[in-house]
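Asker: Below is the structure, and that's it, no one-letter string:
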């Protein structure tokens, strides 16, 4: 059992938990994820790692209430436990393996949308610990939905923007990114965008125009998290990849977002899964039982 040491609500239907999982904490890197199960019959839920403390043996996760499982999960309190807490899974962010001195020469900008702010935090924190301060554009629908502002501002140059203009800059994250580059003289070598699929798609369209290499995290389409169910299958250039085992991070300019969004919507229904099986063959592992519920 994996004890929950802290549980709090960050915004409406968005929750943070600190979980005692020493083995995961000792091995994880920025960009990776874990899978939780509340009990023996519970759904397996893949969640990106928001933070980790190797000395304390803890992992911080942030999740949003979407379906029955995450609503039930939101009711857990400090002192409760998860039945399973598996990880780290997926590949670390690519910069983790780069030469630090070479990395210091690059200008990085992170674009975080909604709950996608959670996996951005460990990446910019890691960079900050290695002497690199990145710019971060944190996008939210309204002021009430802004999360992790204090934490991000401590380790990055933070720009907060809200769709309705209720806090920080006004408008979409793409507007702020374009303003920073075209009107405020910013130059970026790399952009990392993590958030809703539609947000990442439009960030990539903009960065392609601006000539900025862009990495995206495809964790929003993961279901099973081990490559069995086929839900996170996506086209990256001329290759077929699975977000959970090959990613979750990919070159955003090579990802076919339209296909990925279409597939993820279809996968939510029995009829849609049957159609995908007819079109693509049986990519679904019959025993995983993880294709309903929250995804």
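Answerer: Perfect, I can see it now. Quick caveat, the model's predicted, so the values are computed rather than measured. Numbering: from 1, shown residues only.
Asker: could you pull out the strands for the stretch 51-200 of the chain?
Answerer: 58-64, 81-82, 84-89, 108-113, 135-140, 157-162, 169-170, 190-194 (DSSP state E, counting those that start in this stretch).
Asker: closest to residue 259 out of those?
Answerer: strand 190-194 (17.9 Å; C-beta to C-beta). In this view, the C-beta of every residue, glycine as well, is placed from N, C-alpha and C.
Asker: neighbouring contacts of the closest one?
Answerer: 93, 95, 106-113, 116-117, 119-120, 123, 177, 199-200, 203-204, 207, 212-217, 219, 249, 252 (C-beta atoms under 8 Å, 6 or more residues apart in numbering).
Asker: surely residue 47 meets residue 32?
Answerer: No. Using C-beta atoms under 8 Å, residue 47 is not in contact with residue 32; the gap is 10.7 Å.
Asker: What are the buried residues along stretch 254-262?
Answerer: 254-255, 257, 260-261 (16 or more other C-beta atoms under 10 Å).
Asker: which residue packs closest to residue 163, ignoring adjacent ones?
Answerer: Nearest non-adjacent residue to residue 163, counting by C-beta to C-beta, 6 or more residues apart in numbering: residue 141, 4.9 Å away.
Asker: That neighbour contacts residue 165, correct?
Answerer: No. Using C-beta under 8 Å as the test, residue 141 is too far from residue 165 to be in contact (10.9 Å).
Asker: Between these two, which contacts overlap?
Answerer: Contacts common to residue 141 and residue 165, judged by C-beta under 8 Å, 6+ apart, are absent.
Asker: and the gap between residue 149 and residue 10?
Answerer: 10 Å (C-beta to C-beta, to the nearest Å).
Asker: cool, residue 203 as well?
Answerer: 23 Å.
Asker: Which strand residues bridge residue 11?
Answerer: Beta-bridge pairing of residue 11 under DSSP bridges involves residue 14.
Asker: Begin at 41 from now on, thanks
Answerer: All right, first residue 41 from here; so that's residue 51.
Asker: which stretch among the strands of the stretch 91-240 of the chain comes nearest residue 281?
Answerer: strand 124-129 (15.1 Å).
Asker: who touches that closest one?
Answerer: So strand 124-129 is contacted by 42, 59, 61, 64, 67-69, 72-77, 84, 86, 89, 99, 265-266, 284 (C-beta under 8 Å, 6+ apart).
Asker: which of these are buried?
Answerer: Those of the contacts of strand 124-129 that meet the buried threshold are 42, 59, 61, 64, 68-69, 72-77, 84, 86, 89, 99, 265-266, 284, by 16+ other C-beta under 10 Å.
Asker: quick one, helices of the stretch 191-335 of the chain?
Answerer: Ranges of helices in the stretch 191-335 of the chain, per DSSP state H, counting those that start in this stretch, are 213-222, 237-250, 283-286, 297-306, 310-320.
Asker: How about the stretch 41-190 of the chain?
Answerer: 62-67, 108-114, 140-143, 157-169, 189-195.
Asker: which residues touch the second one?
Answerer: By C-beta under 8 Å, 6+ apart, the residues outside helix 108-114 that reach it are 49, 53, 55, 76, 78, 82-83, 85, 103-105, 333-334.
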